[in-house]
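**Student:** Show me the folded form of this:
(chains A and B)
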Amino acid sequence: MCEHANNPPPTRRTFYGLIIQAIGAAIAAVIAVPAGMYLLMKPKSAAGEDLVEIANLSELAEGAPREIVYYRTRVDGWKRTREKATTWVVKTGQSNAIAFSPNCPHLGCIYHWEDDGEKFACPCHASAFSKEGKVVGGPAPRPLDRFASRVEGGKLLVSSQVLRG
Amino acid sequence: MLQGISAWLEDRTGLPSAVSKFLNEDIPASAGWHQVFGSVAMFAFLIQAATGFLLSLNYGATPAEAHASIRYIMTELTGGAMIRGLHHWGSSCMIVVVALHMIQVFLWGAYKKPREATWIVGCFLLLLTMAFGLTGYLLPWDNKAYWGTTVTTQIAGLAPVLGQYIKQLLGAERDVIGNTTFSRFYAAHVMLLPALTALLIGVHLYLVRRHGVTPTPADAEKPKKRFYPGQVFKDTLAAFAYTMVLVLFANFATLGLGSMADPTDTRYIPRPEWYFLFLFEMLKLFQGPLEVVGALILPNLAIVALILVPFLDRGRAIAVRKRTVAIAVVILSAIGWAGLTESAIATTPPSMEDPLAGLRPPQPWLHLPADQMAAIGYFQKDNCGRCHVLGRSVAGPDLSIAPSEKPAEWLLAHFARPEMIADSESPSTSTLNGAQQRNLATLVTKRNEDGLNTWANPPAKEIAGAMLYQARGCFACHTLNGVGAKNAPILNGLAARRTFDWVEKHFGDPPKFSPNSRMPAYKFTQEELDQITTYLMGIPK
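**Tutor:** Residues are numbered from 1 along each chain as shown, chains lettered A, B, ... in the order given. I've put the predicted structure just below:
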């Protein structure tokens, strides 16, 4: 130690250390705060209601799940894309229907309806769901997810917004 | 607990003692503020790496996506403009800091034996920093990026013998830049250059540590001090100052985005980034067969000379104040650089382009033929939207999903008496004439993606202008967006040739404004004049 005559005494050294750490933290915050907002906050123009008419309720049989393929417009990052979409629709009454999201709530595989067993079956991990969407077998943690939907003038309108089952 | 972890780390990796050795390194008594630039340059690189990574998370790295994704980052994402600002201005600030570091080392003669290798590695780091600037310049894919890079690749093509091969490597062998050039610049910018820079920074730091911070002749008699905490404090404070400068730039300097790259935009005046302006200006001094001298030979000779500095100046180390030749070289270089840069700025005509043009939402109607644009107005005028809601089907089919496949006769009958075909509740009759109904039929059967995007959210004044354009039969002589006769000037790009006032007044008495004009006079109300002139002045080239 003695050959380093210019070295500050330990207290000064500690003080310097604290200041260095404080400045370092300030620099990190200057970058981290905008970065956090940039990564976590939603894009500014929130997507409006994007209902698409997909079926005439009168053409559906009550209680019989039916797959309907349709086109919708979706905001995908910096683009609006027109894409093919699919949903399993179950008519539950004269003017009521459920539109299930086609992905299994377990790990996102695409399931299908089996007439034989009267169930929605997921081919990946053998989850099974009733036509109300309830879990009747397999590892699925919750009932089937649904698309936000509404019936207007006898027609089923479906949004791309997914409601958790 | 902490001590346990520290002891384990020490035993298995030796990291704590390595950090301690690094921090307690002896440095000469003369070390001080003038040595912060090296640390700040490394810090600047880290900022660029962090902000660049953040940008890449929302960046579509192809010419088709790049421009739109940057607009998305700038206008849609919170903090996006700040992150891009830090990265953009950071590239300029990093060049400044690297240059200051180099000037300091040069003035102090810190490149002398045994530190020649440190200097040479530093020269390559300077070149890498410039390569970052050059490759990053293309990535926003606006006019500035496109034309700047076109010039760069052409300059590279001037190289004797190798020119064609270099252009081939840059994906510009046909003198046009596009997908391949873009991908190569992007790959270089985000993969090759960062890896090389990190590697060379490692080698540079190792060499700095191996030979130690350069002492001055007066340091011989003075006791040494330690790197930590005094110098670390100065370095940290300098990094903080650098960050503050960047934040000020990112917050207050205008960082725009030009219009998307347009290879046909003859009005655009390409200019390189400010730190390359001196090279750009030097090009003008050499013409004809000598062009290659200014474009490549002199810059490359300068690089070689820079690398050879330690071998050209082999004298003993002396105090900075006595290094008159070095001081003179720096001052003369600065004057030469500033003169060329100033002359480049002075000879640049003011840009016609709005620097913020690319940040506004795209306006697809600009590219729509007038008949389709007008038909959007007819659609509104006849209240077709009462049944045909765009974006969803209610009473009538959603015409935004797919064009109508009905035959023309069906459509015309439907337009005339909508309730005859659709089971409309309230009978209605069309207010449109035959030509207008035919235009509407074109819109619903043939309209392109542009038309679709415009349809949902049209600018009212321009649509009224297009309806006037159709009503007065302007298309019988003029062409606009590729549709119409060619008996009179094409109206695309009118704003570049005429003023708003000129166009507005011209309608009343064409021969008065262009003596050979065969155009008859048109009477418009003041509102109509404003509508049609606004419409025409907006149509791009």
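**Student:** residues touching B:His34, list them.
**Tutor:** Counting by CB atoms under 8 Å, 6 or more residues apart in numbering or on different chains, B:His34 touches B:104, B:108. From N, CA and C alone the C-beta is placed, and that goes for glycine too.
**Student:** can you do 6 Å?
**Tutor:** Counting by CB atoms under 6 Å, 6 or more residues apart in numbering or on different chains, B:His34 touches B:Gln104.
**Student:** ok, now how distant is it from chain A?
**Tutor:** Using CB to the nearest CB, to the nearest Å, B:His34 is found at 17 Å from chain A.
**Student:** How about the backbone phi and psi for that residue?
**Tutor:** Main-chain torsions, B:His34, degrees, to the nearest 10: phi -70, psi -10.
**Student:** any idea how far it lies from B:Arg115?
**Tutor:** Separation of B:His34 from B:Arg115 (CB to CB, to the nearest Å): 16 Å.
**Student:** tell me which strands and helices the longest strand seen in chain A is in contact with?
**Tutor:** When chain A is scanned for its longest strand (criterion: DSSP state E), the result is strand A:79-93. Applying 3 or more CB pairs under 6 Å, 6 or more residues apart in numbering or on different chains; DSSP states H and E, one finds that strand A:79-93 makes contact with strand A:66-76, strand A:96-100.
**Student:** Run the angle between that strand and strand A:96-100 for me.
**Tutor:** Put simply, strand A:79-93 runs at 130 degrees to strand A:96-100, going by axes from the mean of the first three to the mean of the last three CA atoms, to 10 degrees.
**Student:** How far does stretch B:160-178 sit from its chain's centre?
**Tutor:** 22 Å (CA atoms, centre = their mean, to the nearest Å).
**Student:** Chain A against chain B: which residues are in contact?
**Tutor:** By CB under 6 Å from any CB of the partner chain, the residues of chain A that approach chain B are A:5-7, A:13, A:16-17, A:20, A:23, A:27, A:30, A:34-35, A:37-38, A:41, A:43-44, A:51-53, A:71, A:78.
**Student:** what does the stretch 1-150 of chain B put close to chain A?
**Tutor:** Residues of the stretch 1-150 of chain B lying near chain A (CB under 6 Å from any CB): B:54, B:68-69, B:72, B:76-80, B:82-83.
**Student:** now with 7 Å?
**Tutor:** Residues of the stretch 1-150 of chain B found near chain A (CB under 7 Å from any CB of the partner chain) are B:29, B:50, B:54, B:58, B:60, B:68-69, B:71-72, B:76-80, B:82-83.
**Student:** Repeat that for chain B.
**Tutor:** Selection of chain B residues close to chain A by CB under 7 Å from any CB yields B:29, B:50, B:54, B:58, B:60, B:68-69, B:71-72, B:76-80, B:82-83, B:223-226, B:229, B:232-233, B:236-237, B:239-240, B:243, B:247, B:391-393, B:401.
**Student:** can you map out the strands along the chain?
**Tutor:** In the absence of a named chain, chain A is used. In chain A, the segments counted as strands under DSSP E are A:52-56, A:66-76, A:79-93, A:96-100, A:112-114, A:119-121, A:128-129, A:135-137, A:146-152, A:155-163.
**Student:** actually it's chain B I care about, not the one you picked
**Tutor:** Secondary structure of chain B by DSSP E: the strands cover B:26-27, B:225-226, B:479-480, B:483-484.
**Student:** partner strands of the second one, parallel or antiparallel?
**Tutor:** When pairing is defined by DSSP bridges, strand B:225-226 lines up against strand B:26-27 (antiparallel).
**Student:** and the partner strand, average pLDDT?
**Tutor:** For strand B:26-27, the mean per-residue pLDDT is 91.
**Student:** repeat for stretch A:134-143
**Tutor:** 95.
**Student:** Quick one: end-to-end length of that stretch, please.
**Tutor:** Length of stretch A:134-143, first residue to last, CA to CA, to the nearest Å: 5 Å.
**Student:** so how far is it from its chain's centroid?
**Tutor:** Chain-centre distance of stretch A:134-143: 18 Å, with CA atoms, centre = their mean.
**Student:** Go through that stretch and flag the buried ones.
**Tutor:** For stretch A:134-143, the neighbour count (16 or more other CB atoms under 10 Å in any protein chain shown) marks A:135, A:140, A:143 as buried.
**Student:** separation between the second one and chain B?
**Tutor:** Note on A:Ala140: its distance to chain B, by CB to the nearest CB, is 31 Å.
**Student:** Could you measure from the most centrally placed residue in chain A over to chain B?
**Tutor:** Central residue of chain A (CA atoms, centre = their mean): A:Val162, 6.7 Å from the mean position. Using CB to the nearest CB, we find A:Val162 at a distance of 18 Å from chain B.
**Student:** Just send the buried residues of stretch A:134-143 back as a markdown table, with distance to B:Thr429 too.
**Tutor:** Formatted as a markdown table, the buried residues of stretch A:134-143 follow (distance: CB to CB, whole Å):
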| residue | distance to B:Thr429 |
| --- | --- |
| A:Val135 | 57 |
| A:Ala140 | 57 |
| A:Pro143 | 52 |
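**Student:** Count the residues that sit near the closest residue to A:Gly93 other than its chain neighbours.
**Tutor:** Of all residues not flanking A:Gly93 in the chain, A:Glu62 sits nearest, at 7.1 Å (CB to CB, 6 or more residues apart in numbering or on different chains). A:Glu62 is flanked by 12 other residues according to other CB atoms under 10 Å in any protein chain shown.
**Student:** The residue nearest to the centre of chain A against A:Leu144, yeah?
**Tutor:** No - using CB atoms under 7 Å, A:Val162 is not in contact with A:Leu144, being 10.4 Å away.
**Student:** now the most centrally placed residue in chain B, nearest residue through space, not along the chain?
**Tutor:** Nearest residue to the geometric centre of chain B (CA atoms, centre = their mean): B:Pro140, 3.9 Å. The shortest distance from B:Pro140 to any residue other than its chain neighbours is 5.2 Å, reached at B:Ile70 (CB to CB, 6+ apart).
**Student:** Next, the angle from the longest strand of chain A to strand A:146-152.
**Tutor:** Using the same axes, to 10 degrees: strand A:79-93 against strand A:146-152 is 70 degrees.
**Student:** Tell me, how many residues neighbour residue 70?
**Tutor:** Picking chain A for this. The tally of other residues near A:Tyr70 (other CB under 10 Å) stands at 15.
**Student:** you looked at the wrong chain, it should be chain B
**Tutor:** Residues near B:Ile70, counting by other CB under 10 Å: 26.
**Student:** Same check on the one 5 residues further on?
**Tutor:** Neighbours of B:Thr75 under the rule other CB under 10 Å: 18.
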